[in-house]
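Student: Provided below are the primary sequence and the corresponding predicted coordinates.
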Amino acid sequence: VQLQASGGGLVQAGGSLRLSCVVSGRTFSNYRMGWFRQAPGKEREFVSAISRSDGSTYYADSVKGRFTISRDNAKNTVYLQMNSLKPEDTAVYYCAADRYGSASYVRNIDYWGKGTQVTVSS
C-alpha cells in the first residue's frame, strides 16, 4: 500500500489548510484511516481517524472542533480539513492506514505516508 499526502504549507494563525492522502495498492475501503503528527523533538501523536464505511470519526482533544476528517472511497482519498490553526499545530502530518485496528495508535498502523509539513506562524 502506498500513501501519498499533500496539502501542507505555511499559514498564519487562524487560517485553514486541507490535507489530502491518496491511497493505492490495496482496497482502500478495507482500511480505517488516520492522521498523526510529529513536532520537532516530540513523539508522533494521534490527530484523527475515520472508520471504513460508516463515517464514524475520532479526534484528539487538542483538535476537536477545529479539524474535520473525511474520506471518499471512490477516490481512495482521505482528507483532513484544518481550521482555526494555531502555532502549536505546527508539525509534520502523516496519513496512516490500519487494516484491523482503530487507526488511533502508532503501534497498530500498517502503512504510513511520507508526511507533509504544516507550519503555523503567530
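Tutor: Yes, it's here.

Student: distance of the most centrally placed residue in the chain from Y58?
Tutor: The residue lying closest to the centre of the chain (C-alpha atoms, centre = their mean) is W35, at 2.3 Å. The gap separating W35 from Y58 is 10 Å, by C-beta to C-beta, to the nearest Å. Yep, even glycine has a C-beta here, placed from its N, CA and C like the rest.

Student: Can you pull the residues that touch both of the two?
Tutor: Overlap of the contact sets of W35 and Y58 (by C-beta atoms under 8 Å, 6 or more residues apart in numbering) consists of S48, A49.

Student: just to revisit the earlier point, who does the residue nearest to the centre of the chain bridge with?
Tutor: In this entry, W35 is beta-bridged to S48, C95, by DSSP bridges.

Student: Please look at it and R18 and confirm they touch.
Tutor: No: counting by C-beta atoms under 8 Å, W35 does not reach R18; the two are 11.6 Å apart.

Student: shared neighbours, the two?
Tutor: Common neighbours of W35 and R18 (criterion: C-beta under 8 Å, 6+ apart): L80.

Student: Kindly indicate whether S84 is helix, strand or coil.
Tutor: Three-state secondary structure (criterion: DSSP: H, G, I helix; E, B strand; the rest coil) places S84 in coil.

Student: Could you count how many residues lie near the closest residue to it other than its chain neighbours?
Tutor: Leaving aside its sequence neighbours, S84 sits nearest to R66 (C-beta to C-beta, 6 or more residues apart in numbering; 4.6 Å). Under the neighbour criterion other C-beta atoms under 10 Å, R66 is assigned a count of 15.
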